[in-house]
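>>> Fold the stuff below for me.
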Amino acid sequence: MLKNENIICISSIDWDFIWQGHQEIMSRLAEAGNRVLFIENTGVRVPKIRDIPRIKERLKNWFRGISGIRQLKHNLYVFSPIVLPFPYLRIGRRINRNFILSILEKWMKIMNFNNPVVWAFLPTPLSLDLIDDLNYKVLIYYCIDNFRVSSAAAKKIKNSEIKLMRKADLVFVTSKELYDYCLAYNRKVYFFPFAVNFQKFEKARFDKTSIPEELQNIKKPIIGYIGGIHKWVDLRLIKELCQAYPQYSFVFVGPIQTEVSLLSNFKNIYFLGKKEHNELPYFIKNFEVCVIPYLITDYTKNVYPTKLNEYHAMAKPVVSTDLPEIAYFNAENNNLVLVAKTNTEFINCISKAIDTAKDEKLMEQRVASALKNSWDRIIEQMSGLTEEVFAEKNKLSLDWKENFLRLYRTTRKKFLKFAFILSSIYLLMFYTPLFWYLASPLKISQLPKKADCIVVFAGGVGESGNAGQGYEERVGYAVELYKEGYARNLIFSSGYMYVFEEPLVMKALAVSLGVPENAIILEDRASGTYENVKFTEEILSKNGWEEILLVSSPYHMRRVALVFNKIAKNIKAKYVPIKNSFYYSHPNEDKFGKKFIKWIRLYQIKGILHEYLGILYYRWKGWI
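Numbering: from 1, shown residues only. Okay, here's the model as predicted:
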């Protein structure tokens with residue numbers, strides 16, 4: 001059992017609600033010498049009219065203590081915080097968090113309540129906000145409900161619950177279904193169903209005192225139920241039981257939390273209301289048969305009914321609807337519970353249970369099953385797991401130097417590996433002909449022959465991204481072809497403008513090199529290769545020209561050819577790129593005469609990638 005620890009319990013119920021595992025665990029931990037602060041439920045939904053009594057009780061509890069914190073007994077404190085009733089509104093959460101922490105931090109400082117174990121039952125966003133601000137020693141999440149299906153409002157908890165599970169050092173669950181769910185988010189998940197205070201119930205079982213006053217005038221045999229009468233109780237089943245067994249009395253001990261008017265006309269049913277937990281064994285002792293009449297829903301499929309252990313601790317036969325957790329229990333306990341899949345089966349099971357109520361062998365088996373699920377055993381196991389986490393964290397703290405050195409060595413190894421890979425890629429890219437090999441499919445170079453026209457596609461910002469890149473080379477080579485008599489006309493195509501329109505600059509250069517003005521036609525609308533081809537084809541068609549020599553950059557030719565083949569199939573083009581492109585040249589010395597062995601420059605790689613990306617884009621646009 002844990003001892004001498006500070007424990008903060010973030011509860012999903014109030015302390016004065018029906019006695020459950022929350023109060024049992026924290027009471028026992030306090031009795032074992034741990035200091036416990038029990039924070040009552042801060043809400044999973046906006047309150048409704050039916051919550052007014054609970055709100056009044058919360059206000060009353062706030063004023064009973066100092067800023068909502070009161071001491072119940074030695075080592076056990078209860079905090080009843082006042083919160084804004086908007087659990088999922090960001091501003092409301094922030095106000096609630098700041099308000100609760102302002103009280104909590106002061107109290108913890110005064111009480112020297114440091115380095116606590118945080119034990120959370122409530123996985124709301126506000127709970128997560130509080131946990132994030134607590135310098136905790138260990139974080140435990142006890143998952144006792146399927147909040148995702150318990151109510152429409154509670155569904156909103158899903159994301160914060162997943163975050164809490166991932167953050168937790170340990171996750172405890174009350175059912176096999178919840179175990180499978182939580183295991184997806186945390187590997188340290190352990191099955192601990194709510195148990196029974198075995199000593200208390202065993203003492204009542206052998207106690208010869210008189211029966212509770214409320215039962216003295218109720219006709220026997222009694223078919224009994226303890227716990228809240230909530231929306232998961234099958235009231236139609238209860239109605240059929242009352243009709244089938246008018247000679248039996250049906251007694252419900254617990255607060256009524258749902259509408260029960262369906263049962264109001266029956267004289268053999270009794271609702272006795274909520275009782276103190278230490279009174280419950282004496283009620284069960286006077287039941288002939290105990291029932292778990294739950295509806296089968298997505299919610300109850302995740303429920304392990306705590307009352308099962310309390311019934312068995314009093315050696316009573318139990319009849320239940322076909323809950324998955326009861327099936328798991330029966331598989332491990334020789335089908336000790338009578339299970340009914342239909343209302344008719346349930347009615348028949350009541351008769352069987354009455355027949356076996358005094359079977360001594362079965363009574364011993366029931367008590368033995370309850371002993372296996374006693375709080376003594378379960379809390380001891382929980383404590384052991386928590387102490388293992390302590391030990392693991394202490395070892396990590398003590399071994400910090402070794403861990404740091406191990407981290408350093410691992411990081412250095414990863415860095416060297418990364419540096420080697422990076423260096424290899426760098427050498428492969430720049431000091432081998434790899435990229436020129438990859439670029440070769442882009443290049444088309446044909447021998448010139450006589451044609452109707454020489455067409456020059458200018459560079460614009462082209463591969464380099466710099467204005468005017470390459471047009472001088474292209475114009476110069478086109479003029480050379482013109483003078484050699486390959487064609488009598490030139491078309492300069494470009495819609496680019498940098499200070500001056502590029503086609504005009506190209507024309508001026510050609511004229512200065514000896515080409516007559518009347519041999520030059522300008523196309524000045526094109527903003528890219530596709531429009532170069534489109535608008536040039538219009539000029540060619542207008543003039544009746546079908547054969548051309550196309551001048552451009554060598555690695556631009558593939559894209560030009562693909563566009564011509566798509567939208568100007570009637571034009572017979574010979575692709576004659578400039579012979580010695582300065583942009584794509586790779587001499588073995590730099591401009592200062594210094595020798596180097598690089599095969600390619602970064603800007604040339606960019607130019608080649610630019611062409612490949614251009615082809616992909618044109619294919620996506622349907623232009624090629």
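
>>> mind giving me the domain split of this protein?
Domain assignment for the chain, taken from automatic domain parsing, gives 6-191, 198-373, 401-430, 439-621.

>>> closest one to residue 380 among the ones you listed?
Nearest of these to residue 380, taken as Cβ to Cβ: domain 6-191 at 9.9 Å. (Glycine included, C-beta is placed from N, CA and C.)

>>> related to what we said a few turns ago, the domains of the chain: which one's closest to residue 386?
When the domains of the chain are compared by Cβ to Cβ, domain 6-191 sits nearest residue 386, at 5.8 Å.

>>> And the average pLDDT for the host helix or strand of residue 311 is what?
Counting by DSSP states H and E, the element that carries residue 311 is helix 307-313. For helix 307-313, the per-residue pLDDT values average out at 95.

>>> just to revisit the earlier point, any chance of the domains of the chain in JSON lines with mean neighbour count and distance to residue 395 as columns?
Conversion of the domains of the chain to JSON lines gives the following (neighbours: other Cβ atoms under 10 Å; distance: least, Cβ to Cβ, whole Å):
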{"stretch": "domain 6-191", "mean neighbour count": "18", "distance to residue 395": "14"}
{"stretch": "domain 198-373", "mean neighbour count": "17", "distance to residue 395": "32"}
{"stretch": "domain 401-430", "mean neighbour count": "11", "distance to residue 395": "10"}
{"stretch": "domain 439-621", "mean neighbour count": "17", "distance to residue 395": "51"}
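
>>> now those domains as JSON lines including distance to residue 392?
What follows is the domains of the chain, written out as JSON lines (distance: least, Cβ to Cβ, whole Å):
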{"stretch": "domain 6-191", "distance to residue 392": "9"}
{"stretch": "domain 198-373", "distance to residue 392": "28"}
{"stretch": "domain 401-430", "distance to residue 392": "13"}
{"stretch": "domain 439-621", "distance to residue 392": "50"}
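
>>> closest to residue 385 out of those domains?
Smallest distance to residue 385 across those (Cβ to Cβ): 5.8 Å, for domain 6-191.

>>> Just the terminal-to-terminal distance for the closest one.
End-to-end span of domain 6-191 (Cα to Cα, to the nearest Å): 24 Å.

>>> mean confidence for that domain?
For domain 6-191, the per-residue pLDDT averages 90.

>>> coming back round to it: and for the following helix or strand past the helix holding residue 311, what's in contact with it?
Helices and strands here follow DSSP H and E; after helix 307-313, the next one along the chain is strand 318-321. Strand 318-321 has contacts (Cβ atoms under 8 Å, 6 or more residues apart in numbering) with 234, 237, 289-296, 305, 308, 311-312, 326, 336-341, 346, 349-350, 353, 366.

>>> Which strand or helix spans residue 119?
Counting by DSSP H and E, residue 119 is found in strand 117-120.

>>> tell me what that strand is packed against?
strand 6-10, helix 125-132, strand 138-143 (3 or more Cβ pairs under 8 Å, 6 or more residues apart in numbering; DSSP states H and E).

>>> Quick one: closest of the ones you listed to residue 578.
helix 125-132 (65.1 Å).

>>> just to revisit the earlier point, please render the helices and strands packed on strand 117-120 as CSV that adds distance to residue 249 to the earlier fields.
As requested, the helices and strands packed on strand 117-120 are arranged in CSV below (distance: least, Cβ to Cβ, whole Å):
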stretch, distance to residue 249
strand 6-10, 38
helix 125-132, 43
strand 138-143, 36
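
>>> between the ones you listed, which one is nearest to residue 580?
Where the helices and strands packed on strand 117-120 are weighed against each other on Cβ to Cβ, the nearest is helix 125-132, at 66.3 Å.

>>> The closest one versus strand 6-10: what angle between them?
Regarding helix 125-132 and strand 6-10, their directions subtend 160 degrees when assessed with axes from the mean of the first three to the mean of the last three Cα atoms, to 10 degrees.

>>> Name the surrounding residues that touch helix 125-132.
Surrounding helix 125-132, the residues in contact under the criterion Cβ under 8 Å, 6+ apart are 10, 39, 42-43, 83, 87-88, 93, 96-97, 100-101, 104, 118, 120, 139, 157, 160, 163-164, 167.

>>> go on, stretch 42-52?
The set of residues that contact stretch 42-52 without belonging to it, under Cβ under 8 Å, 6+ apart, is 12, 54-55, 81, 83, 85-87, 96, 100, 122, 124, 126-127, 147, 151, 153-154, 157.

>>> three-state assignment of residue 478?
Taking DSSP: H, G, I helix; E, B strand; the rest coil as the rule, one finds residue 478 in the helix state.

>>> Hmm, it is touching residue 456, no?
Yes - under the criterion of Cβ atoms under 8 Å, residue 478 makes contact with residue 456 at 4.7 Å.

>>> Show the pLDDT at residue 228.
92.

>>> thought it was touching residue 252?
No - contact status for residue 228 versus residue 252: not in contact, 9.6 Å apart, counting by Cβ under 8 Å.

>>> how about the strands of the stretch 401-550 of the chain, start to end?
With DSSP state E, counting those that start in this stretch as the criterion, the stretch 401-550 of the chain has strands at 453-457, 490-493, 497-498, 500-501, 520-523, 547-551.

>>> quick one: average confidence on the third one?
Spelled out, that is strand 497-498. Throughout strand 497-498, pLDDT has a mean value of 70.
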